[in-house]
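> My questions concern the predicted model and sequence given below.
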Amino acid sequence: MSYITVKYGDNSEKIFNPNCVSSVLLSFIKISCGFDDDNYQVDLATESGEVIDLVNHGKEYAKKYLDERRSYILVKVVEGEDDSPVTYSPLLNQLPEKMKFTVISSGRNRQKRSGTISIQNNARKVNAVNAFNINNKKKY
């Protein structure tokens with residue numbers, strides 16, 4: 001069974017199953033951690049400050065972006081005004097003061113996509129070779 005650990009509040013932790021749609025997971029985490037009365041979105045970040053950005057992948061499965069058995073920090077999504085960028089505020093009270101949270105595109109997902117493309121390209125090559133061999137068979 002895959003699970004993740006979410007850290008929040010005064011060094012509290014809860015375990016969640018990421019095998020669901022991202023928007024459902026974030027909503028459940030927000031309610032379970034006691035932030036359901038607050039009017040803002042939440043997201044998850046690694047312990048090094050990399051925001052996972054599940055908010056923008058709400059219709060995709062969260063497990064695609066999360067590593068199982070890893071710990072994540074619950075962060076508040078602070079919408080920027082006008083052209084100012086979105087910022088993130090940790091909902092874990094015991095963090096280094098100067099820790100920055102930024103969204104970094106996931107290399108893990110890029111590898112998955114390139115792997116799929118590679119497999120598809122190899123399948124096309126195999127099909128092309130098979131088609132060539134079938135069309136060019138000698139009759140004895």
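Cool, got the structure.
> From now on I want contacts and neighbour counts done on CA atoms only, so please keep to that.
Noted.
> what's next to stretch 75-95, contact-wise?
7-11, 40-45, 73-74, 101-102 (Cα atoms under 8 Å, 6 or more residues apart in numbering).
> Pull the most distant pair out of those.
Across these, the longest distance by Cα to Cα is 22.4 Å; it joins 10 and 102.
> quick revisit: give the ChimeraX command for selecting the buried subset of the contacts of stretch 75-95.
Restricted to buried positions by 16 or more other Cα atoms under 10 Å, the ChimeraX selection for these reads:
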select :7,8,9,41,42,43,44,45,73,74,101,102
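> For residue 19, which non-adjacent residue is closest in space?
Nearest residue to residue 19, sequence neighbours excluded (Cα to Cα, 6 or more residues apart in numbering): residue 63, at 5.5 Å.
> Give me the three-state assignment for residue 29.
Three-state call for residue 29 (DSSP: H, G, I helix; E, B strand; the rest coil): helix.
> And the closest residue in space to residue 55 that isn't next to it in sequence, how far from residue 79?
Leaving aside its chain neighbours, residue 55 sits nearest to residue 43 (6.3 Å; criterion: Cα to Cα, 6+ apart). Counting by Cα to Cα, to the nearest Å, the separation of residue 43 from residue 79 is 12 Å.
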